[in-house]
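>>> Using only what follows, build the 3D model:
(2 chains)
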Amino acid sequence: MTTTLHKPAELQQTVPPAGVTRPKRLGQRAVGFFMALPPILLIAIFVGFPIVLAFGFSIGLTGGLNHTIATIGQNVHEADAWWGTLAAYQEMFTNKRFLGDLLVTVIVTLVSTATVIFLALGIGLYLKLKGGRMARLLSGLAIVPLFIPVVIASWAILTFYSGTGFLRSVFALFGVDFPVWAFTMVTVIIGSVWTSLPFAVLMVSSGLQSVPNAMIEAARDAGAGSLRTIVSVIVPMAAVPIIIATTFTAIGIVGSFTVPYFTGPNSPNMLGVDMSNYFSAFNQPQQSAVMAFTVFLIASGIAALYVWANFRSAKEQGKA
Amino acid sequence: MTIHEPLTKPPVSPTKPGTPASGGGLTIRGLHKILGGRTIIDNLDLSVKEGELVSLLGPSGCGKTTTLRMIAGFLEPDSGSIEVEGQEVSHLGAENRPSAMVFQNYALWPHMTVAKNVGFPLKLRKMSKAEIKDRVEAVLELVSLLHHKDSKPARISGGEQQRVALARALVQEPKLLLLDEPLSNLDAKLRVKVREDIRKIQQELGITTVIVTHDQEEAMSMSDRIAVMNAGRIEQYSTPEALYARPETEFVATFIGSMNRLEGSLKDGLITAGPDVLGIRPEDVILADAPFAGAVPATVERVVPRGHFQEVYVRRADALLRSFVNGEPMRPGLRTYAGIRKAMTFRDGRLVGEAGAAL
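This next block holds a predicted model:
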């Protein structure tokens, strides 16, 4: 039997000369930078800069580019110190209408987000633990709102629950006087849940699906019933996608406009609607900017939770 | 230097095989399972005595894991009964069975520390915090992992994770310990160590244990008895020694150890054509440089060094045979004499006889 000689592996390696690679890498880096530049510039000029201007306007810096809007707008508080003034904030935070709207916004956001995540968890867990055609049908149905424009859905919800709507008509047949939910916070919450559900279901159920079945079986083997398995193993293991879904849902609802504008009452209503009223109907752009920054502050708080969740997930992956 | 000659000598087992003990251990009768229109488990009977370690050994898809999952309660059998210590459990869910399982990928919950993982089954039993702590520490001590009790599973090595999974099963003081391919994710060296650890702990605690494995070496070295499975049935259920020395079917003979498989029969040390199948263990092919009774002249064709022994292919006039040889290294082309010490004869896949030359 003959044996063939194998060349040592090191000889087969080709080492490119150092001088060739470096300029190329620098070139690649420059290309990457210029490719990333347009979106960065777009955001900086058309989003970032107006935010800075609006913040300046809200604290009474009415000169420069804010001059025109300060001239047109009514009830504008002008800066009395070099850094500005908090007079507009003070006005709004002593304004009963605004405080009521703020409270409504917070309540609608909390109730709707809790409902959305509860429903998404229910559908996701049903899909994970039971599976089958019914579960797939349910999770498929939950995605439907994604394909129906919010304006149309809001209108549908409004007519369904209105004084002469379907629900009340059906109840009236049986002699029951069902309450009118149209133009109340109830329809706003129903509408918010409707619009936010698809994304939350997608995110939460994919998070739950990624929990390995062996982990669930291990819990059952240890003696855990269904509820215990869900609480102690499945939900904690899918915590990061659930938190991310919660933050996205909450941020979406806190700044919503279409649903409360169509289906909500005149007052109190959510800040999105109020902002629009102050800006166009009342011609008080500075007060509108104050509201915008209040919503922005709430959203930032929620976003911090999102960042923390991402950080936690990165930490877990780094550990593995 | 130590002389290893365990190729034909399996480890000593403390319990001898016999008739199934009623009451203790595990008794399976007439187990049947069809999945996706295919019969996975076909009328399977198995009895494991109290304190015994039994391996379910077989190739992929033979139904060994399905059997284990039915014992654990993750799969419902179509028919048949499963008794643990005389108590019928087949109607119970996994959470109510007196068995504990060690999963192939360990299935440690990543968000809990080692101590929380191990303590979880006790927490479910509503034990006091102090008692949980004591018992968790005792069992972690047993698997020598007490120093890792506050680590997250991702922070410890594969072998350590394996031991945590074992501790989580042992802490439940199960009547039946189930292990699903417990060593398949460990590297070769660690595998030998961990299997010795598992065997030692199992014998110390005297827990009735069922292990699923596709690795014959693992099964041979750990088990009191091995059930070799093929196509949803048990081909043979006996001690490792018996399995190797007297395989009842051709499948078992080929699956356990290695074998020269030749068609024909053995007559006066020579292989002659015939309808039967001959199985000759490589260590039963004897090579010598001088003629001896039953030997036939042969030429060495190929030599594969295997560490402390060599695998030698020799060409005789009647057949090409594989032999395991100790001692002086052999070279291809070497003229030698080859005799067959023992051969098994199979007809229609079943052992019908043994023929041996007086060597």
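>>> tally of neighbours for the closest residue to residue A:144 other than its chain neighbours?
Nearest residue to residue A:144 in three dimensions, chain neighbours excluded: residue A:198, at 7.3 Å (CB to CB, 6 or more residues apart in numbering or on different chains). Placement of C-beta: from N, CA and C, glycine included. Residue A:198: 20 surrounding residues under other CB atoms under 10 Å in any protein chain shown.
>>> how about the strand or helix carrying residue A:198: buried residues?
Per DSSP states H and E, residue A:198 falls inside helix A:185-209. Judged by neighbour count (16 or more other CB atoms under 10 Å in any protein chain shown), helix A:185-209 contains these buried residues: A:185-205, A:207-208.
>>> now do stretch A:76-89
A:76-77, A:84-85, A:87-89.
>>> Quick check: nearest residue in space to residue A:267, chain neighbours excluded?
Using CB to CB, 6+ apart, the closest residue to residue A:267 is residue A:97 (6.4 Å).
>>> next one: residue B:300
residue B:334 (4.3 Å).
>>> And for residue B:191?
Closest to residue B:191 by CB to CB, 6+ apart is residue B:183, at 4.6 Å.
>>> secondary structure class for that neighbour?
coil (DSSP: H, G, I helix; E, B strand; the rest coil).
>>> Hmm, residue B:194 and it touching each other?
Yes: shown here, residue B:183 and residue B:194 form a contact pair, counting by CB atoms under 8 Å, at 5.8 Å.
>>> quick one on the thing from earlier: helices and strands around the helix holding residue A:198, which ones?
helix A:96-129, helix A:150-161, helix A:239-254, helix A:258-263 (3 or more CB pairs under 8 Å, 6 or more residues apart in numbering or on different chains; DSSP states H and E).
>>> and that helix, how far from the chain's centre?
When distances are taken as CA atoms, centre = their mean, to the nearest Å, helix A:185-209 is centred 11 Å away from the chain's centroid.
>>> coming back round to it: which residues do residue B:183 and residue B:194 both contact?
residue B:162 (CB atoms under 8 Å, 6 or more residues apart in numbering or on different chains).
>>> quick one: which of the two has more around it?
Comparing residue B:183 with residue B:194 by other CB under 10 Å, the one with more neighbours is residue B:183, at 23 against 20.
>>> List, one by one, the residues from the stretch 201-350 of chain B near chain A.
Listed as neighbours of chain A in the stretch 201-350 of chain B under the rule CB under 8 Å from any CB of the partner chain: B:301-302, B:332.
>>> Report the buried members of the residues you listed.
residue B:301.
>>> Between the residues of the stretch 201-350 of chain B next to chain A, which sits nearest chain A?
Nearest to chain A among those: residue B:332, at 4.8 Å, using CB to the nearest CB.
>>> That closest one and residue B:301 touch, don't they?
Yes: the pair residue B:332 and residue B:301 passes the contact test of CB under 8 Å, sitting 6.1 Å apart.
>>> all helices for chain B, in order.
With DSSP state H applied, chain B shows helices at B:64-72, B:114-124, B:129-142, B:158-170, B:188-205, B:216-222, B:240-245, B:250-255, listed in chain order.
>>> What residues sit buried inside the longest one?
Same thing as helix B:188-205. Quick answer for helix B:188-205 (16+ other CB under 10 Å): B:190-191, B:194-195, B:197-199, B:201-202.
>>> Any chance of JSON lines for the residues you listed, columns distance to residue B:150 and pLDDT?
JSON lines is the format used below for the buried residues of helix B:188-205 (distance: CB to CB, whole Å; pLDDT from 0 to 100):
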{"residue": "B:190", "distance to residue B:150": "23", "pLDDT": "85"}
{"residue": "B:191", "distance to residue B:150": "27", "pLDDT": "88"}
{"residue": "B:194", "distance to residue B:150": "23", "pLDDT": "87"}
{"residue": "B:195", "distance to residue B:150": "28", "pLDDT": "89"}
{"residue": "B:197", "distance to residue B:150": "22", "pLDDT": "89"}
{"residue": "B:198", "distance to residue B:150": "24", "pLDDT": "90"}
{"residue": "B:199", "distance to residue B:150": "29", "pLDDT": "93"}
{"residue": "B:201", "distance to residue B:150": "23", "pLDDT": "91"}
{"residue": "B:202", "distance to residue B:150": "27", "pLDDT": "93"}
